[in-house]
Structure formats: C-alpha cells, structure tokens
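J.: here's a sequence, model it:
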Amino acid sequence: MIYLVTYKKKAEALQLDSRLKRLIFIEAKDGLTLDKVIVLIKKLTEDAVEDSSVQIIGQKNWDPAKINTPGIRFHKLD
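T.: As a prediction, the model looks like this:
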C-alpha cells in the first residue's frame, strides 16, 4: 500500500500560506497510523516538522516497483 502524506516544516508552519506543504510517499502495510508517520518524518527532517501539520491524504494499492518516475522517492515503513 502506498500512502500519500503532507507536512510542513516548523519554519514554514508559521506562514499562513497552505500551499507550502511538502509531499512524501510511504510504502507500508494496511493500517498505517499517524504516529508512525510523524516519527518517520521527524527522522527525515531532523525533527524540523510541525507535528500538527502531518496528514495522511490518501492511499493506493500500488506496487512501488512498477512506478518508474525519477522525481518520486518511496520511504518504506513496516
């Protein structure tokens, strides 16, 4: 399962412009919880994420091995 997640870094969260959200693709089993996503994003951003801005905005039953787009990077969470 692929989850689409948006978040804001702490410095960006102070700005009112909601278009500044970042997008991340996460490969995980069904039932991914928000707390696990927040932990992953904190690791990736060196704890520079605003926890309240993290949202799981979608999920698709895609096979990441079949997606061959150079601009997309998948992060695996089990």
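
J.: from the contact counts, what lies against the helix or strand hosting Ile24?
T.: Assigned by DSSP states H and E, Ile24 falls within strand 22-28. In terms of contacts (3 or more Cβ pairs under 8 Å, 6 or more residues apart in numbering; DSSP states H and E), strand 22-28 is packed against strand 2-7, helix 34-44, strand 74-77. Any C-beta I mention is one placed from the backbone N, CA and C, and that applies to glycine too.

J.: out of those, deepest packed?
T.: strand 2-7 (a mean of 19; mean count of other Cβ atoms under 10 Å).

J.: shouldn't Gln59 be in contact with Leu4?
T.: Yes: between Gln59 and Leu4 there is a contact at 7.1 Å, judged by Cβ atoms under 8 Å.

J.: first-to-last residue distance for stretch 21-34?
T.: The straight-line separation of the ends of stretch 21-34 (Cα to Cα, to the nearest Å) is 16 Å.
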